[in-house]
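K.L.:
Quick one: sequence plus predicted model below, questions after.
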Amino acid sequence: MHMATTSVKHPEVKGRSRAAGLLGGEQIRSAVEEVLASTQFIDIHTHLFSPAFGKIGLWGIDELLTYHYLEAEFFRSSSMKPDNYWKLSKKEKADAIWKALFVENSPISEATRGIVAVLQAFDLPTDASALAEARRFFEAQTIETHIRKVFELAGISSVVMTNDPLDAEEVPTWMNGGQKDSQFQAVLRLDRILWGWSQHWQELARQGYAVDERATGKSVAEVRRFLEDWNARMRPLYMAVSLSDEFQFPDESMTSKILSEAILPSCREFGIPMSLMIGVRRQVNPALRLAGDAVGRADLRALENLCRTFPDNRFLVSVLSRENQHELCVYARKFSNLMPFGCWWFLNNPSIVEEITRERIEMLGTSFIPQHSDARVLEQVIYKWRNTRTTLAPILTNSYRLLHNDGGGVTKQDIQRDVNRMLRTNFENWTKLSAG
Ligand code: RAT
Ligand code: ZN
């Protein structure tokens, strides 16, 4: 930023004085839109998989339609009971969702609108009879080329996966050389170890680590050896866990013990951050399966305690409750080892994204990561990132206009630097991505 009236004091930019590049109030919006459209973002949290993982990487219209966000909406507009729905084949489920949410009702919710946007992005029809043609189109694609096309349409350069070292479907790929596709980066996801220890410790034992049910004796050292081996195998950009709204730290739980004695020391050793996604209320309606989780307000003093107790750890944090967002910003002002990211899950709707992002800019400038997609099905990145750009454009425009009105000069280069920072380099610098 530089004062509009003091061009002589400012260095030349590409042969022109910076003052010459200063945007007028009316030009700011188009400059913001151009920068957002031309910058490739890094999608820092998804549930996508590279082709090396085979069928667990989801894509295509039937997977899009059976996304759990849409399943939850389906049960509101259909009389079908969950038990009957789960008995259907994937194609029958997709047919039922299409009929209930796209034919019998207008697809105006965020998740349904996303399907329409994806069809439109591929120039496919979007009317009631569109499903058959969409199926033919997706069946005709080959995955590698399709991924490139999808990333291009979404304006993203790479995505970060969610990799569970105890998942029976994923482990074989990692054990057989893993994956080398630089468009897909790994993350070591530790839910089963951090809050599901009693059900999962035996899986670590099966992988050859001397752990026990109470995590006593050598267990902590063995969890660290497990993390070291998986760090070598996956080269994760960060470790991650999703935590319930009841998460407390410190306390007497296994979660606190393993987090403080094994996970955080290993993060320090490997020089990678820990991602905490806090606020899920798991399985409030188990009949809905993956769609059965809800949200609860968390006590962020747990986060305060973590950031203060472990100043040499870096924490990437997303909180699920709308009511926790302001506190998260306040904590980020107190702790520079805390990086707020994303508008997660139930928050990823334009009205809420707008509110949260404005609040973050007002309190943190550009020192946060505005969004991740959380995509589970490849093509979702197209609509999720399109919606993010649409929501961000007026927010950023407004921020620069306010600055302009206060007498601050804004150039397109300034906007480019800020967008790069928020949607690329904050993450690259926080992880080891930039180091290659
Ligand atoms: O957004 C989602 O799809 C959720 O089901 C969760 O997977 C959440 O994003 C998570 O990573 O735990
Ligand atoms: Zn997720």
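P.N.:
Cool, the structure landed. Ligands and ions are numbered 1, 2, ... in the order given.
K.L.:
Is residue 265 in contact with residue 224, as I believe?
P.N.:
Yes - between residue 265 and residue 224 a contact is recorded at 6.9 Å, counting by C-beta atoms under 8 Å. The way it works is simple: take the backbone N, C-alpha and C, and place the C-beta from them, glycine included.
K.L.:
so what sits against both of the two?
P.N.:
Jointly contacting residue 265 and residue 224 under the rule C-beta atoms under 8 Å, 6 or more residues apart in numbering is no residue at all.
K.L.:
Over to the residue lying closest to residue 311 once chain neighbours are set aside: give its phi and psi.
P.N.:
Leaving aside its chain neighbours, residue 311 sits nearest to residue 337 (6.0 Å; criterion: C-beta to C-beta, 6 or more residues apart in numbering). Backbone torsions of residue 337, given as degrees, to the nearest 10, read phi -90, psi 20.
K.L.:
so where do the strands sit in this structure?
P.N.:
Per DSSP state E, the chain carries strands over the ranges 2-3, 12-13, 16-17, 41-43, 156-160, 184-185, 188-189, 239-244, 274-281, 294-295, 315-319, 338-340, 408-409.
K.L.:
related to what we said a few turns ago, count residues in the vicinity of the residue nearest to residue 311, would you?
P.N.:
16 (other C-beta atoms under 10 Å).
K.L.:
Quick check: pLDDT value at the residue lying closest to residue 339 once chain neighbours are set aside.
P.N.:
Spatially, and ignoring its direct neighbours in sequence, residue 339 is nearest to residue 316 (5.0 Å; C-beta to C-beta, 6+ apart). Looking at residue 316, its pLDDT stands at 98.
K.L.:
didn't residue 316 look like it was pressed against residue 278?
P.N.:
No - checked against C-beta under 8 Å, the pair residue 316 and residue 278 is beyond contact range at 11.5 Å.
K.L.:
pLDDT at the closest residue to residue 369 other than its chain neighbours, what is it?
P.N.:
Once flanking residues are discounted, residue 369 sits nearest to residue 341: 3.9 Å by C-beta to C-beta, 6+ apart. Predicted confidence (pLDDT) for residue 341: 99.
K.L.:
change the start of the numbering to 809 and stick with it
P.N.:
In the new count, where the first residue is 809, that last one comes out as residue 1149.
K.L.:
contacting residues for residue 1149?
P.N.:
By C-beta under 8 Å, 6+ apart, residue 1149 lies in contact with 852, 853, 1083, 1124, 1125, 1126, 1176, 1177, 1178, 1179, 1180, 1235.
K.L.:
which two in the residues you listed are spaced the farthest apart?
P.N.:
The span of those, defined through C-beta to C-beta, is set by 1083 and 1178 at 15.7 Å.
K.L.:
So what's the residue count around the closest residue to residue 983 other than its chain neighbours?
P.N.:
Counting by C-beta to C-beta, 6+ apart, residue 1041 is the residue found nearest to residue 983 once chain neighbours are left out, at 7.8 Å. Here the count is done by other C-beta under 10 Å, and residue 1041 has 17 residues near it.
K.L.:
Let me know whether residue 1041 touches residue 986 as I believe.
P.N.:
Yes - using C-beta under 8 Å, residue 1041 is in contact with residue 986, at 6.0 Å.
K.L.:
Could you list the contact residues of the chain toward ligand 1?
P.N.:
Listed as neighbours of ligand 1 in the chain under the rule C-beta under 6 Å from any ligand atom: 855, 970, 1050, 1085, 1153, 1182, 1184.
K.L.:
Need the buried ones from those selected in PyMOL.
P.N.:
Burial among the residues of the chain next to ligand 1 is assessed by 16 or more other C-beta atoms under 10 Å; the matching PyMOL selection reads:
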select buried, resi 855+970+1050+1085+1153+1182+1184
